[in-house]
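**Student:** I'd like to go over a predicted model; first the sequence, then the structure.
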Amino acid sequence: MGLKKADFSRLGRVADAMHDELLPFMADVIRTDTDPYVPARTMSLATSAFVNEADLQEGRIVYGNTVNSETGEPVNNYAQAQHDGLPGKRRDMHPQATCRWDEASTAANGTAWQAIAQRQADAIARRTK
């Protein structure tokens, strides 16, 4: 079969399905697996994780107490201070809580995330006609 006769339209549909399904799916998996590492004295920080479309495109999960409804960005620096090293992490609610919780979670879960993403991507590709 020559390239002139090949139908590449499925590739576009698979790429769209990956974007629409895989990224949000993995964001939920990563957010759930990362939760035990997030400082949680009052749970306001731990429950503040969100992903909007722009963050999803950048591969980010954002933590912050308050969000600007127009930009979707955190409006205070509490989460950043906790992430970057504000001392005194209490571990009553989350025994694994730490600064740089993203790095700790990636170290603990990164290999599993890759396997989950591969399985999910394979499933999406199989059902995309």
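**Tutor:** That came in fine, so what should we check first?
**Student:** elements contacting the lowest-mean-pLDDT helix or strand in the chain?
**Tutor:** Least confident helix or strand of the chain, by mean pLDDT, DSSP states H and E, is helix 53-58 with a mean of 76. Under the contact criterion of 3 or more Cβ pairs under 8 Å, 6 or more residues apart in numbering; DSSP states H and E, the helices and strands touching helix 53-58 comprise helix 23-34. No exception for glycine: its C-beta is placed from N, CA and C like everyone else's.
**Student:** which of the residues in the helix it packs on are buried?
**Tutor:** The neighbour-count check on helix 23-34 (16 or more other Cβ atoms under 10 Å) flags Leu23, Phe25, Met26, Ala27, Val29, Ile30, Arg31, Asp33, Thr34 as buried.
**Student:** quick one: it to chain centroid distance?
**Tutor:** On the basis of Cα atoms, centre = their mean, to the nearest Å, helix 23-34 sits 5 Å off its chain's mean C-alpha point.
**Student:** Please apply the same query to stretch 115-129.
**Tutor:** Stretch 115-129 has its C-alpha centroid displaced from the chain centroid by 18 Å (Cα atoms, centre = their mean).
**Student:** got the CA positions of it in PDB?
**Tutor:** Listed next in PDB are the C-alpha coordinates belonging to stretch 115-129 (Å, rounded to 0.1, in the frame of the first residue of the first chain):
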ATOM      1  CA  ALA A 115       2.300   1.400  33.600                       C
ATOM      2  CA  ILE A 116      -1.200   2.700  34.300                       C
ATOM      3  CA  ALA A 117      -0.800   5.400  31.600                       C
ATOM      4  CA  GLN A 118       0.300   2.700  29.100                       C
ATOM      5  CA  ARG A 119      -2.600   0.400  29.900                       C
ATOM      6  CA  GLN A 120      -5.100   3.300  29.700                       C
ATOM      7  CA  ALA A 121      -3.600   4.500  26.400                       C
ATOM      8  CA  ASP A 122      -3.700   1.000  24.900                       C
ATOM      9  CA  ALA A 123      -7.400   0.700  25.900                       C
ATOM     10  CA  ILE A 124      -8.200   4.100  24.400                       C
ATOM     11  CA  ALA A 125      -6.400   3.300  21.200                       C
ATOM     12  CA  ARG A 126      -8.200  -0.100  20.900                       C
ATOM     13  CA  ARG A 127     -11.700   1.400  21.200                       C
ATOM     14  CA  THR A 128     -11.000   4.400  19.000                       C
ATOM     15  CA  LYS A 129     -12.200   3.500  15.500                       C
END
